[in-house]
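Undergrad: just to be clear, the model below is a prediction. Sequence and coordinates:
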Amino acid sequence: MSRAAALAGALVLWAAITLGNRWLGVVNPVLLPTPLEAGAVALELGRSGELLRHVLTSLGRVAQGFGLAAVAALGLGLLVGLCVPLRLMAEPVIEFVRPIPPLAFLPMFLVWFGLGEASKVAFIGYTTFFPMFVAIAASVLRVDVVLLRAAASLGASRADLVRRVMLPAALPGIVVALRVGVGLALFVIVGAEFMGADAGLGYLIMDGRMFFNPAQIVMGALALGLLGSLINTLLLVAERRLLHGRAAS
Amino acid sequence: MTGAPKIQIRRVARSFGAAAALAEVDLDVAERELVCILGPSGCGKSTLLNIVAGFLAPTTGAVLVDGRAVTGPGPERGVVFQEYALFPWLTVTGNVEFGPLLQSRPAGERRRIVDRYLDLVGLRAHASKFPVQLSGGMKQRVAIARALANDPAIVLMDEPFGALDAQTRETLQDELARIQRVEHKTILFVTHSIREAVYLADRVVVMTSVPGRIKQIFPIKLPEARDRFAPEFTQYESDITRVVKEEVAKVRE
């Protein structure tokens, strides 16, 4: 209930500022679109099916890029978490590559993969891979040695230890890593769609700039926010289902 | 089988880097015997237990179980840890049937095993709870049930009641004594509580301060159901206390 009230409050504030500006004429009213104007753009694009197409295009890219990165991060994260020599090799490389802002490599992806879908998917994959990979490897490394000892003294083989102790013990960390990855993918999709795209929410925002339509920019941003919080809520529900029982209840 | 010791600890020493933790320990534990290892903190008694469990290799010497050298952990040596070490993602039932599951026992048999050992520790009613929902005493009961459900010949207990309050501690000592009268395991039990050792043990092994070696062994000749307030009991307590205090004093120097 208080969530709805807070959101309504933010909406009212937005309306007050933009309508107030219109009333007082501080800046050109076109620069500060009102909620109604953004809503009108949403309605228009929604009716024609354009909005859905942009949303689905962005979601498709996020799903593909994140999906590829998640599979790679899971595989390599588990491997590096379990195997000490691999970890010693991987660590310095990761520590060097990780702090490079992913956007610095966006032009490289365009050079490599062209302006089509591949560059966007690859860029999202690249951006989300490192944080997920590092977090997954860390959650495997954090598994309490006493749990491994307990299982070993109950007769667990090496395969049992991985399957029945390491994986379930690392699962909460893995789930959080994946959730962070999805959030990040939604974050960078916009950047990826600013260049060489003909659909997607990022394209819609850029299109709003080209044709000087601030209402469309605001609407695109809001659509991204809504999409992000929706996906996050779904993931939280899934996470609670998956980890049910472990947390204090 | 009687006569041959179940566990033979042969000149076992262990150092960590340059620091010697354990200096040449020789000890035999007979089948069905409960031996308590007692000593000042940091004397290497947990190190010794970890070597018998196979979690640590001795620097020199060897541990033999039924005449065979220990090279790693194994299901014939169950372990109960001070920090319980329950699997938080499994229910009480899931924890207790972990060992039988690894041995691919059929579901019906697993259920019978779980029921039997949860009855033994009085936790049948909590079978579907998760570890976070249990008190410390209950967690340690589950850990004991989990170790016993795997039917090990040997149970190694590393200060199992050390994290519990005094009341719960005595209750669990009572339960362990009762369980041992039914299960007849060979038990190596590490503790720093003299009272606990006298209450539970057939023999109490007092270790020296670091690097640990055996200082003295006290056979406890008391009846099976022990009375903590009997004069013989308190006599053992004060005898052992005197020996332990010498070692604690050495640590302080």
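TA: Thanks, I have the structure now. Residues are numbered from 1 along each chain as shown, chains lettered A, B, ... in the order given.
Undergrad: for chain B, which residues are neighbours of chain A?
TA: Contact residues, chain B versus chain A (CB under 8 Å from any CB of the partner chain): B:53-55, B:72-75, B:77-79, B:81, B:83, B:85-91, B:98-99, B:102-103, B:130, B:132-133, B:146-147, B:150, B:156. All C-beta atoms are positioned from the backbone trio N, CA, C, and that covers glycine.
Undergrad: next, count neighbours for residue B:161.
TA: With neighbours defined by other CB atoms under 10 Å in any protein chain shown, the count for residue B:161 comes to 25.
Undergrad: how about the strands in chain B?
TA: Along chain B, counting by DSSP state E, strands occupy B:7-16, B:19-29, B:34-38, B:60-65, B:68-69, B:77-80, B:154-158, B:186-191, B:203-207, B:214-219.
Undergrad: and residue B:41, how many neighbours?
TA: 12.
Undergrad: who in chain A is up against chain B?
TA: Counting by CB under 8 Å from any CB, chain A sits next to chain B at A:144, A:146-147, A:149-157, A:160, A:164-165, A:168-169, A:171, A:243, A:245-249.
Undergrad: pick out the residue of chain B closest to chain A.
TA: residue B:75 (3.3 Å; CB to the nearest CB).
Undergrad: that residue reaches residue B:155, doesn't it?
TA: No - when contacts are counted by CB atoms under 8 Å, residue B:75 is not listed as touching residue B:155 (11.7 Å).
Undergrad: show me what the lengthiest helix in chain A is packed up against.
TA: Ranked by residue count, the top helix of chain A under DSSP state H comes out as helix A:50-82. Secondary-structure packing of helix A:50-82 (3 or more CB pairs under 8 Å, 6 or more residues apart in numbering or on different chains; DSSP states H and E): helix A:35-48, helix A:84-97, helix A:117-141, helix A:167-194, helix A:201-210, helix A:214-242.
Undergrad: check which residues of the helix or strand of chain A with the lowest mean pLDDT are buried.
TA: Ranked by mean pLDDT, DSSP states H and E, the weakest helix or strand in chain A is helix A:84-97, scoring a mean of 84. By neighbour count on 16 or more other CB atoms under 10 Å in any protein chain shown, the buried set for helix A:84-97 is A:87, A:90, A:94.
Undergrad: the residue nearest to the first one when sequence neighbours are not counted: how many residues sit nearby?
TA: Nearest non-adjacent residue to residue A:87, counting by CB to CB, 6 or more residues apart in numbering or on different chains: residue A:80, 5.0 Å away. Residues near residue A:80, counting by other CB under 10 Å, number 24.
Undergrad: go ahead and confirm residue A:80 touches residue A:86.
TA: Yes - Residue A:80 is within contact range of residue A:86, at 5.1 Å (criterion: CB under 8 Å).
Undergrad: hmm, back to that, take the residues of chain A next to chain B and keep only those in helices.
TA: Reading helices off the residues of chain A next to chain B with DSSP H, I get A:146, A:147, A:149, A:150, A:151, A:152, A:160, A:168, A:169, A:171.
Undergrad: how about the residue of chain B closest to chain A, what does it touch?
TA: Residue B:75 makes contact with A:153, A:154, A:155, B:99, B:102, B:103, B:150, B:152, according to CB atoms under 8 Å, 6 or more residues apart in numbering or on different chains.
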